[in-house]
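S.K.: what would the 3D arrangement of this be:
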Amino acid sequence: MIERLARQLRKEERDLLVLETVLRRHPIGTDRIADATGIDEHKTRYSLRMLENDGLVEPTDDGAVPAPDIADRLEEINGGLDALIDRINELKLIAPE
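M.R.: Next up is the predicted model:
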């Protein structure tokens, strides 16, 4: 169970790294994101697609750009991460010793 959660966390971490790169260097294409992050190009492409599906980035002819409401979305992400941290800590408390 923990390994499955760890794999998912690594995927989400990759998506956030791609998002951070788009935020700093937009517009930016897949190959430049892969070069900047060291993430394989096919994984970069997949992360971009997930970020597009989540409404965080938008494709343009010049490359990916942040969605217009990205500031609000980043607040939601950070709040969600805080809630997950709290929930994980709660789960640790109920585990038998």
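
S.K.: quick one: Val65 is in a helix?
M.R.: No: read with DSSP: H, G, I helix; E, B strand; the rest coil, Val65 is strand and lies in no helix.

S.K.: got the CA positions of stretch 67-74 in PDB?
M.R.: Presented in PDB, the C-alpha positions along stretch 67-74 are these (Å, rounded to 0.1, in the frame of the first residue of the first chain):
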ATOM      1  CA  ALA A  67      -4.200  29.000 -17.300                       C
ATOM      2  CA  PRO A  68      -5.700  32.600 -16.800                       C
ATOM      3  CA  ASP A  69      -6.800  31.700 -13.200                       C
ATOM      4  CA  ILE A  70      -3.600  30.100 -12.200                       C
ATOM      5  CA  ALA A  71      -3.100  32.200  -9.000                       C
ATOM      6  CA  ASP A  72      -6.400  30.900  -7.600                       C
ATOM      7  CA  ARG A  73      -5.700  27.400  -8.700                       C
ATOM      8  CA  LEU A  74      -2.300  27.400  -7.000                       C
END
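
S.K.: wait, Met50 touches Asp15, no?
M.R.: Yes: using C-beta atoms under 8 Å, Met50 is in contact with Asp15, at 5.6 Å. Every C-beta, even on glycine, is put in place using the N, C-alpha and C of the backbone.

S.K.: can you get me a residue count around Thr30?
M.R.: Neighbourhood size, Thr30 [other C-beta atoms under 10 Å]: 19.

S.K.: that one contacts Arg49, correct?
M.R.: No: if you go by C-beta under 8 Å, Thr30 and Arg49 don't touch, sitting 10.1 Å apart.

S.K.: just for this structure, where's the confidence low?
M.R.: Applying pLDDT under 70 to the chain picks out residues 94-97.

S.K.: which residues in this structure form helices?
M.R.: Remark: helices assigned in the chain by DSSP state H are 2-25, 30-37, 41-53, 70-94.

S.K.: Asn78 and Ile85, how far apart?
M.R.: For Asn78, the distance to Ile85 equals 11 Å [C-beta to C-beta, to the nearest Å].
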